[in-house]
Structures are given as C-alpha cells and as structure tokens.
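**Q** The sequence and its predicted three-dimensional model are supplied below.
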Amino acid sequence: QVQLVESGGGLVQFGGSLSLSCAASGFAVSSAAMSWYRQPPGKEREAVASISTSGDRTYYADSTKGRFTISRDNAKNTVFLQMNSLKPDDTAMYYCKAVSLPSGTTYWGQGTQVTVSS
C-alpha cells in the first residue's frame, strides 16, 4: 500500500526554522518526482518546491527561493524540506506529493501544519 507520511510541522516564531520530512512506503522515491505543496487557510494549494529523481534538479516558488531547501535521501525513502527565515505568510498545511515514473501515478500525503507567529 502506497503511503506518504509528513512530519515535522509545528508552531514557530517569525524568523525561525523547521524541517519537514516525507517518509514514503509502498514505492521507491528514487523512481518518483517529489514535491512539497502548501495550502494557506482559505487559499488554494500551491507548489513550494520539487526535486528530480536523481536530485540534481530542483524548483522553488519565488516566495520560498533562498529560504527553503528540498532534498531527498533515496536510501531512507524520504524527502525533506528545510525551511529557514520563516514568515507568517508561510503558515499553511504542507503536503508531500509524489509522481511515480514512468506511470505518472500521483500520491499525496495527509499534510503537516506549519504555523508561524509574528
């Protein structure tokens, strides 16, 4: 059974840091394009960062560039999102997404809440 489990969310003060993890089971993240999305309260879900299967290509939303870092540990079947210099605008539910290749099958985790206080 395919599962993505996010962890590491919580409450942090303005300027603080958090590290999110997305642990996968039922498939190999080494064969998937992995991404982090977020959904602020009352807003649509938006892409935050993504990483290629080999880890040599990354993408960041303009709002997170320079502050967030996505990485992967294929041996641990886990993807990470290091978030620094957090702002109240970063408050959202953060979701992990996997696109298994070559099938294109998409999986989502259940989300982890990040709240940044001012």
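**A** Here it is on my side, so go on. Numbers count the residues shown, from 1 in each chain.
**Q** Just the buried positions in stretch 51-60, please.
**A** 51, 53, 60 (16 or more other CB atoms under 10 Å). Quick note: C-beta positions are derived from backbone N, CA and C, even for glycine.
**Q** and that stretch, how far from the chain's centre?
**A** When distances are taken as CA atoms, centre = their mean, to the nearest Å, stretch 51-60 is centred 12 Å away from the chain's centroid.
**Q** can you tell me the distance between the two ends of that stretch?
**A** Distance across stretch 51-60, first residue to last, is 9 Å (CA to CA, to the nearest Å).
**Q** same question, stretch 56-73
**A** 13 Å.
**Q** so what's Ala92 bridging to?
**A** Val114 (DSSP bridges).
**Q** which residues touch it?
**A** Ala92 makes contacts with 38-41, 43, 113-114, as judged by CB atoms under 8 Å, 6 or more residues apart in numbering.
**Q** switch to 7 Å and redo it
**A** When contacts are counted by CB atoms under 7 Å, 6 or more residues apart in numbering, Ala92 touches 38-40, 114.
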